[in-house]
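K.L.:
I would like the atomic coordinates for the input below:
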Amino acid sequence: MPSVSTVTGPARLGWLDALRGIAAFVVAFDHSSATFMSEFRQDLMPEFNTSRYGILVFFLVSGYIIPASLERRGCVRTFWIVRVFRVYPLWAAVVVVTLALGLLGVARIRDLGEEGAGALAVAHVTLLQELLGTPSLLLVLWTLSYEMAFYLLVVALFTLRVRRSGTVAAVLAGLAAVSVTAGVTLRGSALSDLVGIGPLIAFGSVAMVAAICCASATAPALRVFGAVLGGVLALVLVCNGTVPLWESLMILAVMFLGTAVHRAEHGQSPWWHAAGAALVVVACGVWSAYRYGDGDLFTRRGWILAFLLAVLTFGIGLTLRRRRLPRPLTGLGVISYSVYLVHPVLLAVIAGTIARRWQDNLLLEVAFFAVLLPLCVLTYRYIEAPCHDYGRRLGRRVQPP
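P.N.:
Reported below is the predicted structural model:
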């Protein structure tokens, strides 16, 4: 099994690993600072939403690499197999460990509402729980719902041979700006309230499975049907998220902006297409947040600064893409998924045992990362890496010649 330091060579895109590393560290710091440096975080968040910054960097990276992965393989079935073995093994381990520690009284688990355990389990297995109206077991899992929606949309556009990613990004950003300007707002989980969480979970789960199976079929008609079904499902459910409608649309716009940059870099579209899309996305994002205004847990200046710095960070990474970056940074990127999923489990254990610190303590913050990072190296080496390798091998076996 290769060590973390040996997988950051030329075979990997080091600048993307560096960006993942930065994003994962910032998100973990944002959440851990609520426990160990709450005074500092309370002062920082209104000015700079660190969590949104890290998440938006992640979304830009996903938008850059995910459609490219699908198009490189040219096979929807292979794409889904690789994604399943990339995302689910660590997710399953984290969920099981969290539930076990919660039952033992060692970890503090979030309130999951009044829905039955079966419905909650099904919603989480789809990864769409945030868009199906159910709370996530771990706070960070909400972003995986948007990742899954993006996968469904990417498959739809790939099957329908729509390659104008910059246009898609601009349209989504424009819709976000128009919706907030016109005052078109949907309360969180509005669709769930309308039809009921249980029926929505049942319909959404069946539709998702049908979409993936049909899109992976060999018959052209079935592939188109599955792709369209998955794309429509994703767009409908994104409007059912707990974040404001404009922000849901901006999340998708940011991911497709990453795709537009990838296409321009590889000569699939002119650079001015990507630049134009970036200008539209940035302008609409800033306007939407400004127009939306301030709230109890949201400040326009905090979100706007996080958004602009995320785009700037991605741009800097892009300009440095041909340079060798510091190994600790790229190494952190390799284990970034573990950092992202494992850190809330560790925080849940801390909350269930020693409890939250109400005065800032930088030493405890450093100690938290000193425990977290070695643990993530282990989860990457013994869970992520072998499962990802198996998924790639299985994908190659089922891929048509």
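K.L.:
report the secondary structure state of Val106.
P.N.:
coil (DSSP: H, G, I helix; E, B strand; the rest coil).
K.L.:
what do you get for the one 3 residues further on?
P.N.:
State at Ile109, reduced to three classes by three-state DSSP: coil.
K.L.:
residues touching the closest residue to it other than its chain neighbours, list them.
P.N.:
Sequence neighbours aside, Gly102 is the residue nearest to Ile109 in space, at 3.9 Å (criterion: C-beta to C-beta, 6 or more residues apart in numbering). Backbone N, C-alpha and C define where each C-beta goes, glycine included. By C-beta atoms under 8 Å, 6 or more residues apart in numbering, the contact set of Gly102 is Arg108, Ile109, Ala348, Gly352.
K.L.:
which residues belonging to the strand or helix carrying Gly102 are considered buried?
P.N.:
In this assignment (DSSP states H and E), Gly102 forms part of helix 76-103. Residues of helix 76-103 classed as buried by neighbour count (16 or more other C-beta atoms under 10 Å): 76-83, 85-87, 89-91, 93-95, 97-98, 101-102.
K.L.:
then stretch 62-81?
P.N.:
62-68, 70-71, 73, 75-81.
K.L.:
count the neighbours of Val339 for me.
P.N.:
Under the neighbour criterion other C-beta atoms under 10 Å, Val339 is assigned a count of 26.
K.L.:
Gly352 too?
P.N.:
16.
K.L.:
ditto for Leu325
P.N.:
Residues contacting Leu325 under the criterion other C-beta under 10 Å number 18.
K.L.:
show me the contacts for it.
P.N.:
In this structure, Leu325 makes contact with Gly14, Trp15, Asp17, Ala18, judged by C-beta under 8 Å, 6+ apart.
K.L.:
mind checking which helix or strand of this structure has the lowest mean pLDDT?
P.N.:
Among the helices and strands of the chain, helix 190-195 carries the lowest confidence by mean pLDDT, DSSP states H and E, at a mean of 81.
K.L.:
show me what counts as buried in that one.
P.N.:
Using 16+ other C-beta under 10 Å as the test for burial, helix 190-195 gives Leu191, Ser192.
K.L.:
list only buried entries from the contacts of Gly102.
P.N.:
Burial of those was assessed by neighbour count (16+ other C-beta under 10 Å); the buried members are Arg108, Ala348, Gly352.
K.L.:
so which of the residues you listed is the closest to Phe256?
P.N.:
Each of the buried ones among the contacts of Gly102 was checked against Phe256 using C-beta to C-beta; the closest is Ala348, at 33.5 Å.
K.L.:
residues near the closest residue in space to that closest one that isn't next to it in sequence, how many?
P.N.:
With sequence-adjacent residues excluded and distances taken as C-beta to C-beta, 6+ apart, Ala348 is closest to Ala107, at 4.0 Å. Other residues within reach of Ala107 by the criterion other C-beta under 10 Å amount to 22.
K.L.:
contact partners for Ala107?
P.N.:
Residues in contact with Ala107, defined by C-beta under 8 Å, 6+ apart, are Thr98, Leu101, Val345, Ala348, Val349, Ala351, Gly352.
K.L.:
max pairwise distance over the residues you listed: which two?
P.N.:
Greatest spacing in the contacts of Ala107, by C-beta to C-beta: Thr98 and Ala351 (11.8 Å).
K.L.:
that older thread, possible to save the buried ones among the contacts of Gly102 as CSV with distance to Cys214 and pLDDT?
P.N.:
Putting the buried ones among the contacts of Gly102 into CSV (distance: C-beta to C-beta, whole Å; pLDDT from 0 to 100) gives the following:
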residue, distance to Cys214, pLDDT
Arg108, 41, 85
Ala348, 38, 93
Gly352, 43, 82
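K.L.:
can you tell me which of these is nearest Ala149?
P.N.:
Using C-beta to C-beta as the measure, the one of those that approaches Ala149 most closely is Ala348, at 26.0 Å.
K.L.:
element containing that closest one, please.
P.N.:
helix 336-352.
K.L.:
give me the helices and strands touching that helix, please.
P.N.:
The helices and strands touching helix 336-352, judged by 3 or more C-beta pairs under 8 Å, 6 or more residues apart in numbering; DSSP states H and E, are helix 14-36, helix 76-103, helix 362-379.
K.L.:
Ala217: which of these is closest?
P.N.:
Closest approach to Ala217 among the helices and strands packed on helix 336-352 (C-beta to C-beta): helix 76-103, 8.3 Å.
K.L.:
list the buried residues for the helix or strand following the closest one?
P.N.:
If you walk from helix 76-103 toward the C-terminus, the next helix or strand you reach (DSSP H and E) is helix 117-125. Using 16+ other C-beta under 10 Å as the test for burial, helix 117-125 gives Ala119, Leu120, Val122, Ala123, His124.
K.L.:
how close does the residue nearest the centre of the chain sit to Gln359?
P.N.:
Of all residues in the chain, the one closest to the mean position by C-alpha atoms, centre = their mean is Thr143, 4.0 Å from it. Distance of Thr143 to Gln359, computed by C-beta to C-beta, to the nearest Å: 30 Å.
K.L.:
same check on Val171?
P.N.:
Val171 is 48 Å from Gln359, by C-beta to C-beta.
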